[in-house]
Structures are given as C-alpha cells and as structure tokens.
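**Student:** take this sequence and fold it.
(chains A, B, C and D)
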Protein chains: 2
Amino acid sequence: MSTRTPDPGVPPDYDPSQFPAFAVTVDVVVLTVRDARLHVLLVRRGVPPFEGMWAIPGGFKRPEETLDEAARRELLEETGVEGASLRQFGAYGDPGRDPRMNVVTVAYFAVLREVDRIAGGTDAAAAGLVPVSYALGGEIQLAFDHARILRDAVERVRVDLALTDVATSFVGPTFTLAELRSVYEAVWGVHLDGANFRRSVLSEEGWVVPTGRRARPGAAGGKPAELYRAGRMWQHGGPLRYPQATPTTRGTR
Amino acid sequence: MSTRTPDPGVPPDYDPSQFPAFAVTVDVVVLTVRDARLHVLLVRRGVPPFEGMWAIPGGFKRPEETLDEAARRELLEETGVEGASLRQFGAYGDPGRDPRMNVVTVAYFAVLREVDRIAGGTDAAAAGLVPVSYALGGEIQLAFDHARILRDAVERVRVDLALTDVATSFVGPTFTLAELRSVYEAVWGVHLDGANFRRSVLSEEGWVVPTGRRARPGAAGGKPAELYRAGRMWQHGGPLRYPQATPTTRGTR
DNA sequence: AGGGTAAGAGTCGTGTCGACTAGAACTCCC
DNA sequence: GGGAGTTCTAGTCGACACGACTCTTACCCT
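**Tutor:** This is a model prediction of the structure:
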C-alpha cells in the first residue's frame, strides 16, 4: 500500500503496514553532587562497539511499558534506586549514532542525593561516578553520541534548577540551607552569598519548612544549622533566578 | 534476548540482534499568532483510527535522516514552509497510543509568522488553523494522544519565550514593538504595558535594531511605529521575564 | 577559657519593573 | 481643514528584589 492512499490530509507515506523499523532505547543520565561538584554515573562498556569506553546507562524500551516506565526500570536496574526525580529531556536518532542498527534513544536525567553505594544495583567495577567536568572536558571519551546527550542533560538541569523542584532532589528529605545552596553553586558553577540565599528561600512560606531539629556542625565547628524539608511551592518553580552576567554594583569593591 | 550475556556493566538485555521493533514518527506542532490569539495547525484524519478527528501533522522518520531533518521535511510537506524555527520538546511512546502498532513519536514545535496560505503545501480542505484554546478546551477532539502533545508544546513555548529567541520567530523579518508585544501577550495570556515593554526591549542594545523605516498605522490611525529587526542578543535569552503572580503594588492604584 | 568557624539577622544602596502621565504623530470624519 | 480618536514614545514615581556587607549567635577544638 502505497504512497497513493485515498487519504487527504494525511502524509502520503503514512502506511501502518510498511514502515522502517527502529530500536528504541532509553538512556538515563544520573546526576548527583559530591564534594561540591556535579557528578554523573557512567558505565564502562565491555563489548564492541566502543569497547572499554564510558557510556550513559540505558537499555531497550519494551513494547508494553511507557517511556517513563522504561527509564524508571533502567534506573532501578543500574543503580538500585527507586523514586528519584526522573525527567525526559531529549530524543536522539542520528543515522550513524549506533553502527549496528537504527536506534532512537529517549534520554532522561535522574537526580539523586549522594548515597554511599550509588551504583549498588549493577556491577560496581564497571560503573562509576565521574565529575561532569571530566566527562565533558575531554578527559574521558564517551561512547556513541553520549557526550552530546550528557551536555544536553546538564544544560537542562541548569535551566530546570530555576524552574522546577529539581534542586530538592539533590538533597535528602531534610537538609540545611547550606546543603541546598551548594546544589545551586555546583550546578550553576557560581558562588552564592549564604545570607542572601537564605533570604530568598525563606522570603515566602512554602519553599522550605523548618523541622525544629538541627544538623551537627562539621569538623570545622560553627553554629549548627537548622534542618529543613522541602515545601510545596516548588511545584511552581524554584525561589532562585539564575544570576545574570553580574549586574553587580559597578563602583564598589 | 538472552538475559545472560557475558557482558558486565551493560544491561543484560542489551542484544543488538533481537530487540522490539518500533515505528518512529515525528510530529510537528505548528504555532502562530493570529488575531492576538495563539493558533495551531491541525489536519483532519481521513482514515481510521480516529477518522474525521483533528491531528497534529507528522510522519515516519526515515533511517537515513536525523530527527531534525525528518521534522523539517514533514513541516515542508505539510505547510510548504522552510527555514522556520523548529525545536524538539518531547517523545511519546505509551503502549496503546497507536492502536495499530508500537509507535514512538518525537514531537517538535515550529513557530511561524502568520502568512496567508499557511497550509499551502497540503490539501487545504483537510488542514486548518485552530485557536489553541479550542483544541485544548474540549471544543475539538484530537486523535491519539495529540492533546497531551499539544499541551506540552504550548507549555514549552511559554517557557522558551523567556529563555530563547522564539518570540522573534512569530513575527516577520521586520516588526513593530506592538507586534512583538502581542506575541508575548498571546502566548502568555497576559496584558503588558506598552511603554514598559518598550523600555525592557530597548534597555540594552542587541535585542532589536531600528531600521529607520516606519510601519503604516492601522485603520484606527495613531502614530506610525518604528520598524525593528531582531538583534543578536536573543541567543542568550529573551529580554522579558514571565510576569510572576502579580507582585503588583498593594496599597496604590 | 579562648580562638576558630559557620549559621543566622540585619542594613544599605542600586537596579528593575509595574503603574501612571504627558506629549507627539498620524488617520478618520465632519 | 480642523477636531476627535488612536497609537507610539518619553518620562516620572514608588515598591521591591537583590548583591554586598556587617554583626551577633552558637557550636567545635585545643
């Protein structure tokens, strides 16, 4: 059946019985903040192509599951983590991206708070947390077009930080304002004044809710910080705007 | 699909020779502003399933083209338009979304300035410009999961309006500030003060560049407006922020 | 006990932005 | 042709957001 179906308004090549077959995969860019730097979870490939190179974990979508479910399943299989924030950010289907066949991949990013064994669900020797600056700076070669996918994921997270509740996904159920601030600083690569950050986040009820408990100070001492949990206002965007090209005072300092 | 491949670090079901086959399509949400309201280009389906219902134009991706190229080709086939702003915003692969087979669609939106025969490339009787409020408000039933896709597209354009140069794609190569302002008002559904809008856009060099020519006033008369063209600063985001929940003056008025 | 450190409270000044007013430039109609 | 109506353009005012900065509080360590 052919390109001449008596079907006005529908593309002529729209033929349900004859279509190019693709493999559909989901790739999950797992991000976390460790030592005040943004890290990504990568796996080392054990088979060609790109054998020995690092890659973003992923796998085939199954016909009976949604894309979101496939991403959630892959995240569980690769990291043993459930219930993390998962967001789709792009699809990639360049003809030569997988030399073996036609593959279209739908990319997600997942944000985790740092846990001890983040790659507990998979072979630990073949998975590792890598600083994003390494993976994008050329120190590490990524398989397929995964460098581009990672770059897009990081860019998306940067934008989402100001627009969604993704910042709270980097931290645990309770957190200090310094912890939350370090998320913004790591992802945006900026320095934020602690007092001003505090004012912004506490300016309105609903961003964070004090728990009454306090965190233990670090080894360096200092006043113990209040522990907060995330409020409900994050549904409507975050409390911080991306610091625009330093509209700072010109004369001073 | 051998779940026991001797391959550590790679998902166990990663077998290039056996994988579920999917059809991959691209759908293009064509948006424009007409009569100060956001409109979407829809086509009427002539065959089952969803015969007679409106749908977002789209078609199969070919193995030898990228997703972007497929979207550009579909846009050309459906509207006869080339060189429009095209951006990918989502992928949709729910199991039952096409009753005939497993289809994963990658969705793009394209923004056009209003032209007379916007659907010149396809059968005009089966394509039409519909107000987005109709298509999303229930007045019109959309085929497949296209209502969700359209909703996501509009939401993405709303966000992109503040973050990208998409606003200038709604207008022609030269435009008045009132035309540009009406884009923001139509997409965001807000009223913007003309003088303040002017100040924001002209506050910095690079957003818009005066051409020296003036537009002819409308039928109602009025001072003829200066014609501008888009500058280069839009690469770094738009000059306007989305008006947050009326932080307007409380006491005054 | 005292110094070091980080949390938390508060001040100051500047820039942004909405609301508003007034003038300029044009069309339409009588 | 002159007034009314409309739109563009310029400018003012006040509220508020935000960066920079200072000071106090509360804990750790020696």
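**Student:** use CA for all of it now, contacts and neighbours both
**Tutor:** Will do.
**Student:** ranges for the strands of the stretch 101-250 of chain A?
**Tutor:** Assigned by DSSP state E, counting those that start in this stretch, the strands in the stretch 101-250 of chain A fall at A:103-111, A:127-131, A:208-214, A:226-230.
**Student:** which one of the ones you listed is the most hemmed in?
**Tutor:** The highest mean neighbour count among those, using mean count of other Cα atoms under 10 Å in any protein chain shown, belongs to strand A:103-111: a mean of 26.
**Student:** break down chain A into its helices, ranges please.
**Tutor:** Along chain A, counting by DSSP state H, helices occupy A:67-79, A:132-137, A:146-163, A:166-169, A:177-188, A:194-202.
**Student:** average pLDDT for the shortest one?
**Tutor:** For helix A:166-169, mean pLDDT is 96.
**Student:** quick one, what contacts the most centrally placed residue in chain A?
**Tutor:** Taking Cα atoms, centre = their mean, the centroid of chain A lies closest to A:F109, which sits 3.4 Å from it. Going by Cα atoms under 8 Å, 6 or more residues apart in numbering or on different chains, A:F109 touches A:V28, A:V29, A:V30, A:L31, A:L86, A:R87, A:Q88, A:F89, A:A153.
**Student:** who wins on neighbours among these?
**Tutor:** A:V28 (30 neighbours; other Cα atoms under 10 Å in any protein chain shown).
**Student:** contacts only, for the closest residue to it other than its chain neighbours.
**Tutor:** Closest residue to A:V28 apart from its sequence neighbours, by Cα to Cα, 6 or more residues apart in numbering or on different chains: A:Y108 at 4.8 Å. Counting by Cα under 8 Å, 6+ apart, A:Y108 touches A:V26, A:D27, A:V28, A:V29, A:A71, A:L86, A:R87, A:Q88, A:F89, A:G90, A:A153.
**Student:** at 10 Å instead, please
**Tutor:** Applying Cα atoms under 10 Å, 6 or more residues apart in numbering or on different chains to A:Y108 gives the contacts A:26-30, A:58, A:67-68, A:71-72, A:75, A:85-91, A:149-150, A:153.
**Student:** hey, what's it bridged with?
**Tutor:** For A:Y108, the beta-bridge partners are A:V28, A:Q88 (DSSP bridges).
**Student:** out of the contacts of A:Y108, who's near DNA strand C?
**Tutor:** When Cα under 7 Å from any atom of the strand is applied, no member of the contacts of A:Y108 is adjacent to DNA strand C.
**Student:** before we move on, back to that, quick one: the residue nearest to A:V28 from DNA strand D, how far?
**Tutor:** Distance of A:Y108 to DNA strand D, given as Cα to the nearest atom of the strand, to the nearest Å: 29 Å.
**Student:** again with A:G237
**Tutor:** From A:G237 across to DNA strand D, the span is 12 Å (Cα to the nearest atom of the strand).
**Student:** just checking, that residue touches A:G206?
**Tutor:** No. A:G237 sits out of contact with A:G206 when judged by Cα atoms under 10 Å, with a separation of 11.4 Å.
**Student:** return the residues in contact with A:G83.
**Tutor:** Applying Cα under 10 Å, 6+ apart, the residues near A:G83 are A:R72, A:L75, A:L76, A:A110, A:L112.
**Student:** out of the residues you listed, flag the one nearest to A:F50.
**Tutor:** Using Cα to Cα, A:L75 is the member of the contacts of A:G83 that lies nearest A:F50, at 21.7 Å.
**Student:** so who does that closest one touch?
**Tutor:** Residues counted as contacts of A:L75 (Cα under 10 Å, 6+ apart) are A:26-30, A:57-59, A:69, A:81-84, A:86, A:108-110, A:119, A:121.
**Student:** list the contacts of the closest residue to DNA strand D within the stretch 51-200 of chain A.
**Tutor:** At 4.9 Å from DNA strand D, A:A195 is the closest residue in the stretch 51-200 of chain A, using Cα to the nearest atom of the strand. By Cα under 10 Å, 6+ apart, the contact list for A:A195 reads A:L177, A:A178.
**Student:** what's the distance between it and A:L41?
**Tutor:** 32 Å (Cα to Cα, to the nearest Å).
**Student:** one more: A:A143?
**Tutor:** Going from A:A143 to A:L41 by Cα to Cα gives 14 Å.
**Student:** how about low-confidence regions in the stretch 151-253 of chain A?
**Tutor:** A:245-253 (pLDDT under 70).
**Student:** enumerate the residues of it near DNA strand C.
**Tutor:** By Cα under 7 Å from any atom of the strand, the residues of the stretch 151-253 of chain A that approach DNA strand C are A:176-178, A:194-196, A:214, A:217-218, A:220-226, A:247-250.
**Student:** of these, buried ones?
**Tutor:** For those, a burial check counting by 16 or more other Cα atoms under 10 Å in any protein chain shown picks out A:T176, A:L177, A:E226.
**Student:** which of the residues you listed are close to DNA strand D?
**Tutor:** Counting by Cα under 7 Å from any atom of the strand, nothing from those sits close to DNA strand D.
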